[in-house]
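> Provided below for reference: sequence and predicted model.
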Amino acid sequence: LQGKTFENITSLSGKKILYLRGAKFNYLIDNDKKITKYLIKDFITGVKMLLAGKADAIIGSLQSIERASLEVQKTKNTKIILGQPLILENKTPWIQVSKKSHSYLDVEKLKQSFLQLEEDDTFNALKTKYDVYEDE
C-alpha cells in the first residue's frame, strides 16, 4: 500500500507477503526463509488482507493486483492507493501448443491470426479498454 516501499528483494527480509497459491514468481523470494509467505486463493483476497494489515506486500502480476484493488475499492467503497511496485521481472505472454494439438489445431493459422491482431493494434486497444486507471 502507499507508504510502504521495498527497494529490492533483500528489503523483503522479515516481511510478510501474500502469495498466490501454487504460483512461482521469483526463485530468490520462493526460497528465502526470512520472508514469511501467506498463500491466498486470489488477488481480491490478498488486497483485502493487505488492507487489514495482515501482510506487508502482495506478489504477483501488477495488472492482476491493480484489477483486484479496483474491485475491492468498489465493493468496500473506499480509495485504495498502492505503493510503488518492486518490479522483479517482466514476462512476455506466450502460447504453448502440444504435439497432440497439431492434429486439430492449425498452428500456422493461429500464428497468422495473432500477427494480424498485433498489426491491427488490437492488444493495445483491449489493454486501454480494460485499464484499471481508466476514468469511469
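Cool, got the structure.
> Could you point out the longest helix of this protein?
Scanning the chain for the longest helix, with DSSP state H as the assignment, gives helix 62-76.
> Please list the outside residues in contact with it.
Contact partners of helix 62-76, identified using Cβ atoms under 8 Å, 6 or more residues apart in numbering, comprise 42-44, 46-48, 51, 58, 79-80, 82, 85, 87, 132-133. Heads up, the C-betas are built off the backbone N, CA and C, glycines and all.
> top of these by neighbour count?
Highest neighbour count within these, by other Cβ atoms under 10 Å: G46, with 28 neighbours.
> separation between that residue and A23?
Distance of G46 to A23, given as Cβ to Cβ, to the nearest Å: 11 Å.
> Need the overlap of contacts for those two.
By Cβ under 8 Å, 6+ apart, the residues touching both G46 and A23 are G60.
> nearest residue to F43 other than its sequence neighbours?
A68 (3.6 Å; Cβ to Cβ, 6 or more residues apart in numbering).
> Quick check: the gap between that neighbour and K99.
Counting by Cβ to Cβ, the separation of A68 from K99 is 36 Å.
> So for these two, which residue has more residues nearby?
Using other Cβ under 10 Å, the more surrounded residue of A68 and K99 is A68, with 23 against 6.
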